[in-house]
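Participant: Dropping the sequence and predicted coords here.
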Amino acid sequence: MSQQDAMLAGAAALTSYLAGSIPFGLIIGWLVAGVDIRKIGSGNIGATNAARAVGGGRRALGAAVFAAVFVLDVMKGAGPVLAWGQAGAAESRAAMQIAAAAGAVAGHMFSVFLRFRGGKGVAIGCGVTAALVPLPTAAAAGVFLVVFACTRIVSLGSIMAAASLPAFLAAFEGPEAFGSMLHLFLFACVVALAVIARHHANIGRLLRGTEHRFGGRGAGNGGRTA
C-alpha cells in the first residue's frame, strides 16, 4: 500500500468513525418524544430501547421508531464502507473498506458525541458486513429471525446471529475464506466477538432465566439491544 493509500485508509477510518458516532436512537427520542433514551429502560441508544422509550405502550409508534433507528444505524455502517470502497487504487480498496467498517463500528460503540459510550453494535454490524459480505450477512439475519420468532428475546437472536456470521462466511466462500478473503473472515470474527462482548449483561440474564422477552413483562431489561 502506497503512502497515499495509507493516508486514505486513515481518512476512511476517521470519517467512518464520525458517521458511526451519530446516535440516531438518541436523536429520534429527542425529536419524537422529547426524551433522553439513555435515562429510560436499559439506557442503550439502539433501536429496541428507543422503540420502548418513545413508543411506550403504543405499538405502532414503537415499531416505526424501531424501524427508523435500525435502518439509519445500518446505513451509517454500510454507507461509508460502500463509499470508501471506490477510493484509492483497485488493489487497496479492500483495505479502505475494512478501515471504514472498523471505524464505523467503533464509532457506534464508543461515540465521540456520547463521551465514548454507545450501543451494542448489532445494527451497524449488520450494515458493515452487509456491504462487505452480503450473503453470509443475510444468512446470519435469518438466524436472528428464527431465534427471535421462537423465543421473542432480541438479545439472544442478536448473539446467535453474530456468532453464526463467521461460520456462514466460511460456508459460502469455502477455502477462499482462509485465503484471499482471510481479512474479511477475521473482521467478521472481530465484529462477532465485539457484539457478543457488548451483550455480557444480557448473557448473564439469559443464564439466570430473567432476560426480557419482546412484548412481554420479563424481569430484566435485556431485550434492549442494537
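Facilitator: That came through, no problem.
Participant: wait, is Ser42 part of a helix?
Facilitator: No: under DSSP: H, G, I helix; E, B strand; the rest coil, Ser42 sits outside any helix and is assigned coil.
Participant: Please pull up the helix or strand immediately following the helix or strand of the chain with the lowest mean pLDDT.
Facilitator: Least confident helix or strand of the chain, by mean pLDDT, DSSP states H and E, is helix 47-55 with a mean of 90. Next along the chain after helix 47-55, taking DSSP states H and E as the criterion, comes helix 59-84.
Participant: pLDDT on that following helix, on average?
Facilitator: Confidence for helix 59-84, expressed as mean pLDDT, is 95.
Participant: and what of stretch 186-204?
Facilitator: 95.
Participant: what are the ranges of the helices in the protein?
Facilitator: Using DSSP state H, the helices of the chain run over 3-20, 24-33, 47-55, 59-84, 93-109, 122-132, 134-151, 154-173, 182-198, 200-208.
Participant: out of those, which comes closest to Phe116?
Facilitator: Across the helices of the chain, Phe116 has its closest neighbour in helix 93-109 (8.9 Å, C-beta to C-beta). C-beta coordinates here come from the backbone N, C-alpha and C atoms, glycine included.
Participant: looking just at contacts, which helices and strands does the closest one meet?
Facilitator: When contacts are defined as 3 or more C-beta pairs under 8 Å, 6 or more residues apart in numbering; DSSP states H and E, helix 93-109 sits against helix 3-20, helix 59-84, helix 122-132, helix 182-198.
Participant: by how many degrees do the longest one and helix 93-109 diverge?
Facilitator: In terms of direction (axes from the mean of the first three to the mean of the last three C-alpha atoms, to 10 degrees), helix 59-84 departs from helix 93-109 by 150 degrees.
Participant: For this structure, give me the ranges with low pLDDT.
Facilitator: 1, 88-90, 215-226 (pLDDT under 70).
Participant: ok, 90 please
Facilitator: The chain contains residues with pLDDT under 90 at 1-8, 41-43, 48, 52, 55-59, 85-95, 154, 211-226.
Participant: Skipping adjacent residues, who's closest to Leu61 in space?
Facilitator: Gly55 (4.5 Å; C-beta to C-beta, 6 or more residues apart in numbering).
Participant: try Leu156
Facilitator: Counting by C-beta to C-beta, 6+ apart, the residue nearest Leu156 is Val147, at 5.7 Å.
Participant: what comes up buried for stretch 197-205?
Facilitator: Neighbour-count burial for stretch 197-205 flags 198-199, 202-203, 205 (criterion: 16 or more other C-beta atoms under 10 Å).
Participant: Now render those as JSON lines, adding distance to Ala162.
Facilitator: Shown next, in JSON lines, are the buried residues of stretch 197-205 (distance: C-beta to C-beta, whole Å):
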{"residue": "Arg198", "distance to Ala162": "10"}
{"residue": "His199", "distance to Ala162": "8"}
{"residue": "Asn202", "distance to Ala162": "12"}
{"residue": "Ile203", "distance to Ala162": "12"}
{"residue": "Arg205", "distance to Ala162": "17"}
